[in-house]
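Asks: Predicted model and sequence follow; I will ask about them next.
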Amino acid sequence: MFGIFKKTSEVEKLQKQYEKLMADWHKLSATNRAASDKKYSEAQKILDQIENLKPE
């Protein structure tokens, strides 16, 4: 009920961005290898940021 008032955390924002990049990577992997590799490297950078933000 009160979920609409909850702000998304930085980790959640990065997770959504990571998921979008991985979906784009998967679509491009069959047609354009260079663009696919670029999306994958961007996704890896986002994943590194997520890992740095998450507490151990």
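Replies: Structure received.

Asks: Check which helices and strands the longest helix that the chain contains sits against.
Replies: In the chain, assigned by DSSP state H, the helix with the most residues is helix 33-53. If you count contacts as 3 or more Cβ pairs under 8 Å, 6 or more residues apart in numbering; DSSP states H and E, helix 33-53 packs onto helix 10-28. C-beta here means a position set from N, CA and C on the backbone, and glycine is covered the same way.

Asks: Now do the helix it packs on and helix 33-53, the angle between them.
Replies: Using axes from the mean of the first three to the mean of the last three Cα atoms, to 10 degrees, one finds that helix 10-28 and helix 33-53 are set 160 degrees apart in direction.

Asks: What residues of helix 10-28 count as buried?
Replies: Residues 14, 18, 21-22, 24-25, 28 are the ones in helix 10-28 that count as buried (16 or more other Cβ atoms under 10 Å).

Asks: how about the residue sitting nearest the centre point of the chain, what does it touch?
Replies: The chain has Y18 as the residue nearest its centroid, 0.6 Å off, counting by Cα atoms, centre = their mean. Neighbouring residues of Y18 by Cβ atoms under 8 Å, 6 or more residues apart in numbering: 43, 46-47, 50.

Asks: For the closest residue to it other than its chain neighbours, grab the count of nearby residues.
Replies: Computed as Cβ to Cβ, 6 or more residues apart in numbering, the closest residue to Y18 that is not its neighbour in sequence is I46, at 4.5 Å. Neighbourhood size, I46 [other Cβ atoms under 10 Å]: 19.

Asks: What separation do you get for I46 and A23?
Replies: 13 Å (Cβ to Cβ, to the nearest Å).

Asks: As a markdown table, the buried residues of helix 10-28 with distance to K39 and pLDDT would be great.
Replies: Listed next are these as a markdown table, based on distance: Cβ to Cβ, whole Å; pLDDT from 0 to 100:
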| residue | distance to K39 | pLDDT |
| --- | --- | --- |
| L14 | 15 | 94 |
| Y18 | 11 | 96 |
| L21 | 5 | 96 |
| M22 | 8 | 96 |
| D24 | 5 | 95 |
| W25 | 4 | 94 |
| L28 | 6 | 94 |
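
Asks: Let me have those residues in JSON lines, adding distance to K38 as columns.
Replies: Formatted as JSON lines, the buried residues of helix 10-28 follow (distance: Cβ to Cβ, whole Å):
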{"residue": "L14", "distance to K38": "18"}
{"residue": "Y18", "distance to K38": "15"}
{"residue": "L21", "distance to K38": "10"}
{"residue": "M22", "distance to K38": "13"}
{"residue": "D24", "distance to K38": "10"}
{"residue": "W25", "distance to K38": "9"}
{"residue": "L28", "distance to K38": "9"}
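
Asks: That's all I had, so thanks and see you.
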